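[1] below are the sequence and a predicted model for it; my questions follow.
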Amino acid sequence: MNIKSDSQRDGAEHLGNGQEFLAFKLGNEEYGIDILKVQEIRGYEAVTRIANAPEFIKGVINLRGIIIPVVDMRIKFNLGTPVYDQFTVVIILNIKGRIMGMVVDSVSDVTTLTPEQIKPAPDMGSSFDSKYMIGLGTLDERMLILVDIDRLMSSGEMGLMDNLAV
């Protein structure tokens, strides 16, 4: 499924003073990332492993002639043994001009959050470092852990921006 093009979404982000987030699940938790970083959403497909890559880097796929790394966030954040089924999704991201894939359990929707709905992220000492969080988005009974996907994917611990230059 293709997400809106840059020209379609440039003005949409600031409608009603809200910001749009793509909501997805990792384990039992729901996360959100800035929709402007999402290029497209695809079903999971077989990847080509790369020798000596960390376990969370599943490998690479050929996306219309571009070889892109694919990271399984469930492995990265130690969320148990990942299952690859019809709900498993790869979110194709464009981070600082670099295309990469992120495997998640499922994608639910695009949610618009106003600044009032975004609360500061507490430092919980969990496997998900709060320095990669924008905050917590509250929407009725839902709570989204809002991820600074730029900072996370370009961090040294991910090793994606330099190590896998193709």
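    Yes, it's here.

[2] part of a strand, is residue 67?
    Yes - assessed with DSSP: H, G, I helix; E, B strand; the rest coil, residue 67 lies in a strand.

[3] and it, how far from residue 141?
    Residue 67 sits 41 Å away from residue 141, going by C-beta to C-beta, to the nearest Å. All C-beta spots, glycine's among them, are computed from the backbone N, C-alpha and C.

[4] which of the helices or strands spans residue 61?
    Per DSSP states H and E, residue 61 falls inside strand 57-63.

[5] just give me how far that strand sits from the chain centre.
    Centre-to-centre, strand 57-63 and its host chain are 15 Å apart (C-alpha atoms, centre = their mean, to the nearest Å).

[6] summarise which helices and strands that strand is packed against.
    Contacting strand 57-63 under the criterion 3 or more C-beta pairs under 8 Å, 6 or more residues apart in numbering; DSSP states H and E are the following elements: strand 66-72, strand 98-104.

[7] and those: which comes nearest residue 159?
    Nearest to residue 159, of all the helices and strands packed on strand 57-63, is strand 66-72, at 9.4 Å by C-beta to C-beta.

[8] tabulate the helices and strands packed on strand 57-63 (TSV), appending mean pLDDT.
    Formatted as TSV, the helices and strands packed on strand 57-63 follow (pLDDT from 0 to 100):
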stretch	mean pLDDT
strand 66-72	95
strand 98-104	95
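
[9] okay, those strands in JSON lines with mean neighbour count and distance to residue 45 next?
    Output for those, formatted as JSON lines (neighbours: other C-beta atoms under 10 Å; distance: least, C-beta to C-beta, whole Å):
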{"stretch": "strand 66-72", "mean neighbour count": "20", "distance to residue 45": "9"}
{"stretch": "strand 98-104", "mean neighbour count": "21", "distance to residue 45": "10"}
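
[10] and the closest residue to residue 115 other than its chain neighbours, how many neighbours?
    Spatial nearest neighbour of residue 115, excluding adjacent residues (C-beta to C-beta, 6 or more residues apart in numbering): residue 17 at 6.8 Å. Residue 17 has 9 neighbours, counted by other C-beta atoms under 10 Å.

[11] wait, residue 17 touches residue 112, no?
    No - Residue 17 lies out of contact with residue 112 (C-beta atoms under 8 Å); the separation is 9.6 Å.

[12] shared neighbours of those two, anything?
    In terms of C-beta atoms under 8 Å, 6 or more residues apart in numbering, residue 17 and residue 112 are not both contacted by any residue.
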